[in-house]
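J.: Could you look at this predicted model? Sequence included:
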Protein chains: 2
Amino acid sequence: MAESVANGAANRGREVVRPGDDVDFRPLYKQIKDSIIQQLIGGDWRPGDKLPSEFELAARYGVSQGTVRKALDELTVQNLLVRQQGRGTFVATHNPHRALFHFFHLIGKDGSRQLPSSRVLSCATRRATREEEERLDLRPGNQVIQIDRIRDIGGLPTIVERISLSAKKFSGLVKISRDGLPNTLYELYEERYGITIYQAEEYLRAVAATEREAKLLGIRPGHPLQEIARLAMSIDRKPVEWRVSRCLTDRHHYVSLID
Amino acid sequence: MAESVANGAANRGREVVRPGDDVDFRPLYKQIKDSIIQQLIGGDWRPGDKLPSEFELAARYGVSQGTVRKALDELTVQNLLVRQQGRGTFVATHNPHRALFHFFHLIGKDGSRQLPSSRVLSCATRRATREEEERLDLRPGNQVIQIDRIRDIGGLPTIVERISLSAKKFSGLVKISRDGLPNTLYELYEERYGITIYQAEEYLRAVAATEREAKLLGIRPGHPLQEIARLAMSIDRKPVEWRVSRCLTDRHHYVSLID
DNA sequence: GAGTGGTCTAGACCACGCT
DNA sequence: GCGTGGTCTAGACCACTCT
């Protein structure tokens, strides 16, 4: 099994550079990490897939098991992989638990955690705004898919949300949406489009509710709302989704853990 | 140097439990980690101190260097230690850079990062409220020190802040405050009271400015403000500071990085 | 040059999941 | 029982800092 077969994994594997090449030398485990990330980006391994065992990878890359382990450990810390003793190492997948604890930060004042349900108000294609072009790294004139929805927590309307996606990347989504969109869109991105959301940046500020938002949320215009603008990115750090949520924080608050 | 001398470090070190004791066995590196954390909590090693070398620690604990290394690596990831090749391993300290990038999350709309300056409005002792008792884990009737201040970014008043501290833990602070409080309080807690802020939870919501806040920030009452309530904790995860900041987010927003 | 952390190896044994 | 990841060891060599 140690031969340099001509598949992507093994080829990239044998590119590891040993010291003595001196300039630009990176530790072996970092090179292996990069190589694995490239294979995740390239789709050689998809969410849920089982990776080769540590010994198998060590043989492919021509290093010791400990070196592979260090690479895998760091990738596990970064939530790219999941390791299970006795079973193996797997590519991380999106699931409701991760959606709730990793990507959804509104919790009840009493500490209760609950994913909101969603009602889609509209889903259509239109020309991108300047802001969307910048956020999503689109060319002028490109199209976006805009999803408007309202989200309920505990049966009460709490969030008004607008989601923007590159129409090119997500072609066919408007049609799909006619049969209903799932509550957790990131699973859809992963399964239907092979795009895994891996990290995000959220920008928060306080705003006053517009007429439309007030009507949808059953409050008065001008009522303070928590705006959460999120740029979600894939493994290769390319922007995928721009989402602006305006949340009623009378019964909930946004939680951020430092350290 | 391998003898079991009777100082705290070595004693605790020799408590490591090997397998065979079976029940409740924890990996050696975890036990070493715990032991080091206990010594940080106990003040045996204080911020800025240099730890013994890996070999020295390995000898004290009676394990191999690699096992100590794994403990130190994890503590470094947790920001408790800082390692420098060629110099040694040090207990992490609070510094302006950490204050700005780790604990302060308001950034300009243009992406600029800047620590606000502070003007203390008042600093006095009073009886704790019910909320403070709960947050700071105080007994009924305990006293708190309340610091009110206003913080400017780019010369413009942006944040109205109220800080509550246990009067018992921070005795003498009111007197110190007469000579002026530093802008970054966490350095003060560390240097004068030996209390290191290690982690925090922030709760965010949108609120309407009160009369008082409006006057201080030069806005109209009812204007939406970003409330950031922070519970800051020491290494032993005991609550230390309760801080409620109300921020004008017309020129700034709060940033949260996911992953 | 001495001392420190950073990387890498080779091999041992254990704990767990599967079948 | 076999294959997997998890822990631990002992020792090698490198890179960096300080003196």
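T.: Structure's in. What do you need?
J.: hey, let's count contacts and neighbours off CA atoms from now on
T.: OK.
J.: where do the helices sit along the stretch 151-259 of chain A?
T.: With helices called from DSSP state H, counting those that start in this stretch, the stretch 151-259 of chain A shows them at A:173-177, A:185-193, A:211-217.
J.: Can you add mean neighbour count and give these back as a markdown table?
T.: Output for those, formatted as a markdown table (neighbours: other CA atoms under 10 Å in any protein chain shown):
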| stretch | mean neighbour count |
| --- | --- |
| helix A:173-177 | 15 |
| helix A:185-193 | 16 |
| helix A:211-217 | 16 |
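J.: Ok, which of these comes nearest DNA strand D?
T.: Between DNA strand D and the helices of the stretch 151-259 of chain A, the shortest gap by CA to the nearest atom of the strand is with helix A:185-193, which sits at 23.1 Å.
J.: Any part of the closest one near chain B?
T.: No. Residues of helix A:185-193 are not located near chain B by CA under 8 Å from any CA of the partner chain, the shortest gap being 14.4 Å.
J.: Map the structural domains onto the sequence of chain A.
T.: If you go by automatic domain parsing, the domain ranges for chain A are A:8-91, A:96-254.
J.: Using a markdown table, lay out those together with mean pLDDT and distance to residue B:207.
T.: Shown next, in a markdown table, are the domains of chain A (pLDDT from 0 to 100; distance: least, CA to CA, whole Å):
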| stretch | mean pLDDT | distance to residue B:207 |
| --- | --- | --- |
| domain A:8-91 | 87 | 34 |
| domain A:96-254 | 96 | 6 |
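J.: Deepest-packed of those, please.
T.: Highest mean neighbour count among the domains of chain A (mean count of other CA atoms under 10 Å in any protein chain shown): domain A:96-254, with a mean of 18.
J.: how far does it stretch from start to finish?
T.: Chord length of domain A:96-254, first to last residue, is 19 Å (CA to CA, to the nearest Å).
J.: Also stretch A:150-164?
T.: 15 Å.
J.: if we can go back for a sec, is it possible to get a markdown table of the domains of chain A that adds distance to DNA strand D?
T.: Converted to a markdown table, the domains of chain A look like this (distance: least, CA to the nearest atom of the strand, whole Å):
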| stretch | distance to DNA strand D |
| --- | --- |
| domain A:8-91 | 3 |
| domain A:96-254 | 19 |
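J.: Please, which helix or strand holds the nearest residue to residue A:167 once chain neighbours are set aside?
T.: Leaving out its chain neighbours, the residue that sits closest to residue A:167 by CA to CA, 6 or more residues apart in numbering or on different chains is residue A:144, at 4.5 Å. Using DSSP states H and E, residue A:144 sits in strand A:143-153.
J.: As TSV, the domains of chain A with distance to residue B:30 would be great.
T.: Formatted as TSV, those follow (distance: least, CA to CA, whole Å):
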stretch	distance to residue B:30
domain A:8-91	16
domain A:96-254	25
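J.: Nearest to DNA strand C among the ones you listed would be which one?
T.: So among those, domain A:8-91 is nearest, using CA to the nearest atom of the strand, at 3.2 Å.
J.: Wondering if that closest one reaches chain B at all.
T.: Yes. Domain A:8-91 reaches chain B (CA under 8 Å from any CA) through residue A:78.
J.: can you give me the offset of that domain from its chain's centre?
T.: In terms of CA atoms, centre = their mean, to the nearest Å, the centre of domain A:8-91 is set 21 Å apart from its chain centre.
J.: Quick check: the spatially most central residue of chain A vs residue B:217, distance?
T.: Nearest residue to the geometric centre of chain A (CA atoms, centre = their mean): residue A:197, 1.7 Å. From residue A:197 over to residue B:217 the distance is 39 Å, taken as CA to CA.
J.: do the same with residue A:56
T.: For residue A:56, the distance to residue B:217 - CA to CA - is 63 Å.
J.: ok, now residue A:60?
T.: In this structure, residue A:60 and residue B:217 are 62 Å apart, going by CA to CA.
J.: How about residue A:257?
T.: 28 Å.
J.: Over to residue A:60. Which of the three states is it?
T.: When classified by DSSP: H, G, I helix; E, B strand; the rest coil, residue A:60 comes out as helix.
J.: likewise residue A:79?
T.: On the basis of three-state DSSP, residue A:79 is classed as coil.
J.: surely it meets residue A:90?
T.: No. Look at residue A:79 against residue A:90 with CA atoms under 8 Å: they stay out of range, at 10.7 Å.
J.: who touches residue A:248 in this structure?
T.: Counting by CA atoms under 8 Å, 6 or more residues apart in numbering or on different chains, residue A:248 touches A:158, A:159, A:217, A:224, A:225, A:226, B:206.
J.: Then residue A:84?
T.: Listed by CA under 8 Å, 6+ apart, residue A:84 has no contact partners.
J.: On the strand side of things, show who it bridges to.
T.: residue A:88 (DSSP bridges).
J.: who does the residue lying closest to residue A:141 once chain neighbours are set aside bridge with?
T.: Leaving aside its sequence neighbours, residue A:141 sits nearest to residue A:127 (CA to CA, 6+ apart; 6.3 Å). Assessed by DSSP bridges, residue A:127 has beta-bridge partners residue A:143.
J.: Could you measure from the closest residue to residue A:243 other than its chain neighbours over to residue A:105?
T.: Spatial nearest neighbour of residue A:243, excluding adjacent residues (CA to CA, 6+ apart): residue A:163 at 4.3 Å. Noted for residue A:163: a distance of 17 Å to residue A:105, by CA to CA.
J.: Could you do residue A:84 as well?
T.: 27 Å.
J.: Sounds good, over and out.
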